[in-house]
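A.B. asks: Fold the following and give me the result.
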Amino acid sequence: MSRFHRTALIASPTSPAQAAVADLRSRYDWADLADADSLVVLGGDGFMLQTLHAMLERRRILPAFGMNLGTVGFLMNEWRLPGLDERIERARPFRVSPLIMTATTIEGERHVLPAINEVSLLRETRQTAKLRVEVNDRAVMPELVCDGILVATPAGSTAYNLSANGPILPLGSKLIALTPISPFRPRRWRGAILPEKARISLTVLEADKRPVSAVADQREVRDVARVEIAIDHIRDLTIMFDPEHALDDRITMEQFIA
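C.D. replies: Prediction:
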């Protein structure tokens with residue numbers, strides 16, 4: 001259909017996604033990825049995150065409409081073959097601002113990586129991690145003894161952050177969550193909700209004795225000494241959803257799931 005002449009179709013390598021590609025290619029004419037101005041993404045949340053990260057790396061960001069052929073599908077729409085053109089026409093766009101992580105290792109190597117859901121610091125051995133937490137260059141916690149800590153966006157607040165008892169953040173709230181993972185000292189600290197303009201710095205204390213890794217979504221940097229995290233407003237992403245099942249509604253309803 002002419003409505004798809006600027007839309008590219010990409011899919012995960014799983015059997016259900018590849019079968020769906022064959023069905024869609026028989027019904028519609030699709031653009032090449034290099035010429036497209038929007039995407040239809042088939043797969044699960046993991047493949048959608050891979051697709052969004054690939055666009056960030058190429059620095060060519062297109063609106064993405066996903067259809068779930070994976071498991072949870074929080075970032076995806078329902079898989080339905082009929083009426084796809086009308087669905088895309090009616091879809092609601094949501095802008096998602098990724099985090100940018102700058103991680104410096106013990107050896108002095110510097111890694112700059114984006115994260116759409118969260119940046120997490122995790123202990124590498126049986127020993128707990130010891131971290132100093134700074135917000136906007138102010139030491140708000142001189143020493144946090146824990147299994148780790150994470151910084152989550154509103155879009156990622158219902159993922160690892162929620163499993164770590166972090167808060168659910170409404171989309172568009174302009175907030176980020178700072179959530180400890182199994183805190184030991186101070187034991188009762190449950191984290192903080194910060195404005196999205198906040199700059200967070202995490203310094204690993206006793207980094208040689210108590211090694212820590214930093215993970216930006218699915219990409220890991222081992223043996224970090226210091227990690228700096230902030231929202232990257234320069235490269236906002238756009239995800240499209242069916243009006244009756246949009247991302248902000250999903251995030252809201254997660255608060256009522258027992």
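A.B. asks: how about the helices in the stretch 1-150 of the chain?
C.D. replies: For the stretch 1-150 of the chain, applying DSSP state H, counting those that start in this stretch gives helices covering 15-27, 45-58, 84-90.
A.B. asks: which stretch among those helices comes nearest Asn117?
C.D. replies: helix 45-58 (7.1 Å; CB to CB). In this view, the C-beta of every residue, glycine as well, is placed from N, C-alpha and C.
A.B. asks: List of residues touching that closest one?
C.D. replies: 10-12, 17, 39, 41, 61-62, 64, 66, 70-76, 98, 114, 116-117, 217-218, 235, 237, 239 (CB atoms under 8 Å, 6 or more residues apart in numbering).
A.B. asks: Just want the angle from it to helix 15-27.
C.D. replies: Counting by axes from the mean of the first three to the mean of the last three CA atoms, to 10 degrees, helix 45-58 points 70 degrees away from the direction of helix 15-27.
A.B. asks: Flag every buried residue along helix 45-58.
C.D. replies: Asp45, Phe47, Met48, Leu49, Gln50, Thr51, Leu52, His53, Met55, Leu56 (16 or more other CB atoms under 10 Å).
A.B. asks: Between these, which sits nearest Glu254?
C.D. replies: Looking across the buried residues of helix 45-58 and measuring by CB to CB, the closest to Glu254 is Asp45, at 13.8 Å.
A.B. asks: among the contacts of helix 45-58, which ones are buried?
C.D. replies: For the contacts of helix 45-58, buried by 16+ other CB under 10 Å: 10-12, 17, 39, 41, 62, 64, 66, 70, 73-76, 98, 114, 116-117, 217, 237, 239.
A.B. asks: Just list whatever residues bridge to Cys146.
C.D. replies: Beta-bridge pairing of Cys146 under DSSP bridges involves Ala129.
A.B. asks: how close does the closest residue to Ser157 other than its chain neighbours get to Glu86?
C.D. replies: Among residues not flanking Ser157 along the chain, Leu169 sits closest, at 4.2 Å (CB to CB, 6 or more residues apart in numbering). Per CB to CB, to the nearest Å, Leu169 is found 32 Å from Glu86.
A.B. asks: Quick one: low-confidence residue ranges for the protein.
C.D. replies: 1-5, 246, 258 (pLDDT under 70).
A.B. asks: Any idea how many residues pack against the nearest residue to Ala20 once chain neighbours are set aside?
C.D. replies: Of all residues not flanking Ala20 in the chain, Leu42 sits nearest, at 5.2 Å (CB to CB, 6+ apart). Neighbour count of Leu42, defined by other CB atoms under 10 Å: 25.
A.B. asks: Brilliant, that's me finished.
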